[in-house]
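J.: Structure, please.
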Amino acid sequence: MNNRLMSITKVFTFDSAHHLYEYEGKCKYIHGHTYKLEVTLKGPVNKNGFVIDFHDLKRIINDEVISVVDHRYLNEIFEFNPTCELLGFWIWDKIDASIKGEEYFLEKVVLWETPTSFITIDRKDMV
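T.: Alright, predicted model coming up:
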């Protein structure tokens, strides 16, 4: 259509348990969260009127992220301390690698660990 770019965002939830290593506080014990994940892609609008079909984005996130972490004990999956911050980097890397070569790109990931606590990763931060 033209060379203007647009951002699209889809929101997901998943439930996981974890505990934090070398942490003095309640989170050193196993506990769970209902995480909320916001994924934003940016790109040109194609001839069909999409940056990416939301159905296709849902499939990518389910295949690359949700299927790995939903209803799982994160300490059994990852070699890193499963903080919200490090989980966010892992999510970024999984999504970014899965869409390489497309016209659109990963612009932002927001991962909510609780209704009042979240991390944000923007493309400009990933240098």
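J.: Quick check: T120 touching V109?
T.: Yes. Because the distance of 7.4 Å satisfies Cβ atoms under 8 Å, T120 is recorded as touching V109. (Glycine included, C-beta is placed from N, CA and C.)
J.: residues touching the residue nearest to Y35 when sequence neighbours are not counted, list them.
T.: Excluding its sequence neighbours, the residue lying closest to Y35 (Cβ to Cβ, 6 or more residues apart in numbering) is F14, at 5.4 Å. Taking Cβ atoms under 8 Å, 6 or more residues apart in numbering, we find F14 in contact with 34-35, 37, 65-66, 69-71.
J.: just for this protein, where's the confidence low?
T.: 1-2 (pLDDT under 70).
J.: for it, longest helix please?
T.: Looking across the chain with DSSP state H, the single longest helix is helix 84-98.
J.: List every C-alpha atom in that one, with coordinates, as CSV.
T.: C-alpha atoms of helix 84-98 as CSV (Å, rounded to 0.1, in the frame of the first residue of the first chain):
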residue,chain,number,x,y,z
CYS,A,84,10.5,-11.9,35.1
GLU,A,85,13.4,-10.0,33.5
LEU,A,86,15.3,-13.1,32.3
LEU,A,87,12.1,-14.8,31.2
GLY,A,88,11.4,-11.6,29.2
PHE,A,89,14.7,-11.9,27.4
TRP,A,90,14.1,-15.6,26.6
ILE,A,91,10.7,-14.7,25.2
TRP,A,92,12.2,-11.9,23.1
ASP,A,93,14.8,-14.2,21.6
LYS,A,94,12.3,-17.0,20.8
ILE,A,95,9.9,-14.6,19.0
ASP,A,96,12.6,-12.6,17.3
ALA,A,97,14.3,-15.8,15.9
SER,A,98,10.9,-17.2,14.7
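J.: Make 608 the first number, not 1, from now on.
T.: Taking 608 as the first residue, the last one we looked at is helix 691-705.
J.: what's the angle between the helix or strand following it and helix 691-705?
T.: Going down the chain from helix 691-705, the next helix or strand is strand 712-721, by DSSP states H and E. Put simply, strand 712-721 runs at 150 degrees to helix 691-705, going by axes from the mean of the first three to the mean of the last three Cα atoms, to 10 degrees.
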